[in-house]
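Enquirer: fold the following.
(one chain, ligands or ions: 1)
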Amino acid sequence: MKQADTIWMNGKLVPWDEAKVHVLTHTLHYGNGVFEGTRAYKTDKGLAIFRLRDHTRRLLNSAKITMIDSPYTVEELEDAQIGLLRANRFEGNVYIRPLIYLGYGVMGLYHRNCPVEVAIAAWEWGSYLGDEGLEKGIRVKISSFARNSVKSTMGKAKAVANYLNSQMAKFEALEAGYEEALLLDDEGFIAEGSGECFFIVRDGKIITPPHDNSLESITQATVIELAEKLGYTVEFRRITRDEVYVADEAFFTGTAAEVTPVREVDARVIGDGKRGPVTEHLQKAYFDVVYGRNPDFEHYLTYI
Ligand code: PPE
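Expert: Model prediction:
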């Protein structure tokens, strides 16, 4: 992570090193907070935030789900993100991290009277799973952790608390020598990666699990929209782990991960063991969109 000049906190830009919280910040103790991850790309026409409206709406939906009243509207939060990017002189692509959290003042679980705080940080961030991963694909392990169950957590919220599950799965996979974890749901069907949605390609068809047990991913939606425009058939259906093993191609999608090919799962080589042709086609199409090279998708870009 490359440090920037300022961070937006509750309406003010504060120097990066001074963006601090009290140790009795409620979210630090009980884990109720919500966040977003949004990217801005250096296009030919300058820095542009990708799908700012959709990410900001999801942030407020996450807050609604977890019973946090945002003090700011969608428009105010969008302006804050644009203002932050204008105030910092970024040279490369940027990752934006808005966070709505419960502040200092109340202890104990009941959070109705807790102050709600909002911070937005942005920094220059390169590829999430490595430049080599984007080109050659990554090695993935199916996690021993089931993805958070819908019986006890709320996966439509990009909630801080949900990420203990992701973190444990990621740690386990990396310690075992893999690059990413793939989590099954509590019925044993593919759910998603620790921070990505998952796709396979079989006989030319693109298949991804429904959202029962995954975040409603904005990158996944973009890739599906692109794939359909390019003439592919896309199926939203459950996938079992053995179907992954015999898929022709597999890939992850996410704001941070972009479109990352998967070349191996649990020691089974996927397809030819490298980025497959459909994955490459979609990856290129995705980068054309985020870098402003596809006029049909200009409406997803907010130029700074
Ligand atoms: N599932 C999970 C669990 C998830 O965290 C993400 C994003 C996605 C799917 C893809 O969603 P979308 O970004 O809307 O396409 N993960 C974010 C956090 C990464 C991090 O390590 O922090 C991200 O990609 O920004």
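Enquirer: how many neighbours does whichever residue of the chain sits closest to the ligand have?
Expert: Nearest residue of the chain to the ligand, counting by C-beta to the nearest ligand atom: G37, 2.3 Å away. Just so you know, the C-beta spots here come from the backbone N, C-alpha and C atoms, and that holds for glycine as well. For G37, the tally of surrounding residues (other C-beta atoms under 10 Å) stands at 18.
Enquirer: give me every residue that touches it.
Expert: G37 sits next to 55, 95-97, 158, 254-256 when contact means C-beta atoms under 8 Å, 6 or more residues apart in numbering.
Enquirer: rerun that using 7 Å as the cut-off
Expert: G37 sits next to 95, 97, 255-256 when contact means C-beta atoms under 7 Å, 6 or more residues apart in numbering.
Enquirer: please name the nearest non-neighbouring residue to K229.
Expert: Distances taken as C-beta to C-beta, 6 or more residues apart in numbering place D296 nearest to K229, at 7.4 Å, with adjacent residues excluded.
Enquirer: actually, Y178.
Expert: Nearest one to Y178, counting by C-beta to C-beta, 6+ apart, is K141 at 4.1 Å.
Enquirer: what helix or strand is that neighbour on?
Expert: Using DSSP states H and E, K141 sits in strand 138-142.
Enquirer: that strand: partners in the sheet, and parallel or antiparallel?
Expert: Partners of strand 138-142 in the sheet, by DSSP bridges, are strand 180-184 (parallel), strand 258-265 (parallel).
Enquirer: other residues contacting stretch 271-289?
Expert: Taking C-beta under 7 Å, 6+ apart as the rule, stretch 271-289 contacts 135-137, 201, 206, 222-223, 226-227, 230, 248-249, 251, 258-259, 261, 263-264, 294, 297, 300.
Enquirer: give me the subset of those residues touching the ligand.
Expert: The overlap between these and the neighbours of the ligand (C-beta under 6 Å from any ligand atom) is empty.
Enquirer: tell me which of these fall in strands.
Expert: 201, 206, 249, 251, 258-259, 261, 263-264 (DSSP state E).
Enquirer: out of these, which comes closest to A63?
Expert: E258 (26.0 Å; C-beta to C-beta).
Enquirer: report the beta-bridge partners for the spatially closest residue to Y245 that is not a sequence neighbour.
Expert: The shortest distance from Y245 to any non-neighbouring residue, by C-beta to C-beta, 6+ apart, is to R268 (4.3 Å). Beta bridges link R268 to V265 when assigned by DSSP bridges.
Enquirer: quick check: R268 touching V246?
Expert: No: using C-beta atoms under 7 Å, R268 makes no contact with V246, being 8.1 Å away.
Enquirer: one step back: show me what contacts the residue nearest to Y178?
Expert: With C-beta under 7 Å, 6+ apart, K141 has these contacts: 173, 176, 178, 181, 266.
Enquirer: sweet, I'm off.
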